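Engineer: mind looking at a prediction? Sequence and model below.
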Amino acid sequence: MEWKLAHPIHDVDDIVYLGRILLDMEGSCLHTDPYVFRQHLTVATTNQIFDPAKEFIAVAREGDKLLGYCWFDRGGYTTYSREEISNAKFHHVDLELPVKTRVRLINGMIDQHILWCYKYGIPVICSTSIRSDHDGFMKIHKKRGFTVNGSYSWGRTEDLIKELQCKNQ
């Protein structure tokens with residue numbers, strides 16, 4: 001399994017395909033439009049090449065097969081604080097993969113989120129899920145030191161980076 005920054009030419013079609021499958025499974029009240037998703041993803045992956053501090057989109061591949069991807073942004077704020085928040089837009093994995101592989105992928109995505117926020121000085125990380133079955137996803141976050149409330153998990157980057165450094169020693 002190899003992680004790379006998503007590329008606007010090489011990765012967008014595979015991400016849109018996997019994302020569409022997963023989003024359509026959830027039966028959202030929103031109508032998904034693959035062309036809109038492709039547009040936003042192409043712009044974001046292009047911008048990432050020139051300004052890596054703005055958004056982070058990475059893919060995990062085994063050969064040519066897309067195993068999963070993650071997409072994080074920044075510039076989120078609450079109405080009661082001036083601290084910037086990085087929100088996870090997507091943590092998508094191929095649901096046909098074995099559970100251990102999916103957990104390893106999600107942990108890799110969380111690692112990348114923490115490291116990216118640490119590098120660019122974003123103090124708070126938020127990760128959410130729209131899936132009806134989000135317990136396993138949130139359990140992984142809780143084990144990683146996030147505070148979990150329903151389908152939301154929050155953590156301070158300074159605390160999460162310490163957990164990550166301890167894990168890697």
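Structural biologist: Here it is on my side, so go on. Only a predicted model underlies this, so the values are computations on that prediction, with no experimental measurement involved. Numbering: from 1, shown residues only.

Engineer: same for the longest helix seen in the chain, what does it pack against?
Structural biologist: Longest helix in the chain, counting residues (DSSP state H): helix 99-119. When contacts are defined as 3 or more Cβ pairs under 8 Å, 6 or more residues apart in numbering; DSSP states H and E, helix 99-119 packs onto strand 55-62, strand 65-76, strand 85-93, strand 124-128, helix 135-143, helix 157-167. No exception for glycine: its C-beta is placed from N, CA and C like everyone else's.

Engineer: which residues sit against that helix?
Structural biologist: Residues outside helix 99-119 that contact it (Cβ atoms under 8 Å, 6 or more residues apart in numbering) are 1, 3, 56, 58, 60, 67-68, 70, 72, 74, 86, 88, 91, 93-95, 97, 122-123, 125, 127, 136-137, 140-141, 144, 157, 160-161, 164.

Engineer: name the next helix or strand downstream of the lowest-mean-pLDDT helix or strand in the chain, please.
Structural biologist: Using mean pLDDT, DSSP states H and E, helix 12-25 stands out as the lowest-scoring helix or strand of the chain, at a mean of 80. For helix 12-25, the succeeding helix or strand toward the C-terminus, using DSSP states H and E, is helix 34-50.
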